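Engineer: What would the 3D arrangement of this be:
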Amino acid sequence: MAKKKGSKKRSAKRPAKKSSRKKGGAKKPAGASLDALARKIVRLTQNPDFGEAEILALYNADCTSQEGTGNVDRGYAGLQEKGKRWAQMQTGTTWKAVSVWVGRDSICIEWDATVNTRDGRTVKLPEIAVHKIKNGKIQDERFYYNPMALAPPPTA
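Structural biologist: Numbering: from 1, shown residues only. Predicted structure coming up:
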């Protein structure tokens, strides 16, 4: 009786998979910590009573933050100045996270904001925030929105 070609099962041994665990416990996947950081960013942004220290704790000391206008603020001092400019421009903003994406080393959040400006206008502001993460904190961030939405109306 002739054997059919390819019918023989191979029992070759495969190399053992390397464990992602370090001695002494399980290794925490990077995605899990980024998910937690993303939730924290959303929670603090949506809470108008958050403290400056809580926000600064999300960032590395040498971070950069770029607005839709092209303005770039650097480090903790830059973030504090940015916060002052924001406070001078508006009297209250509500933020709604529409979508949140977490990548290997980045977090992207789609926001729908309603900004109450100091001149009495209520402005809808859709925004995309891209946060690059290093050592579990925000290293660089960029905000994409139409800056003209916040510009004062033209005078007649």
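Engineer: what's residue 63 in contact with, if anything?
Structural biologist: Residue 63 is in contact with 74, 75, 76, 79, 137, 138, 139, 140, 141, counting by Cβ atoms under 8 Å, 6 or more residues apart in numbering. Using the backbone N, CA and C atoms, a C-beta is placed for each residue, glycine as well.
Engineer: Next, format these as CSV and append pLDDT, neighbour count and secondary structure.
Structural biologist: Listed next are these as CSV, based on pLDDT from 0 to 100; neighbours: other Cβ atoms under 10 Å; DSSP: H, G, I helix; E, B strand; the rest coil:
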residue, pLDDT, neighbour count, secondary structure
74, 98, 13, strand
75, 97, 16, helix
76, 97, 16, helix
79, 95, 21, helix
137, 97, 15, strand
138, 98, 22, strand
139, 98, 16, strand
140, 98, 18, strand
141, 98, 22, strand
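Engineer: Going by distance to residue 151, which of these wins?
Structural biologist: Comparing these against residue 151 with Cβ to Cβ places residue 141 closest, at 22.2 Å.
Engineer: list the contacts for that closest one?
Structural biologist: Counting by Cβ under 8 Å, 6+ apart, residue 141 makes contact with 63, 64, 65, 66, 129, 130, 131, 132.
Engineer: Next: residue 46.
Structural biologist: 94, 95, 96, 97.
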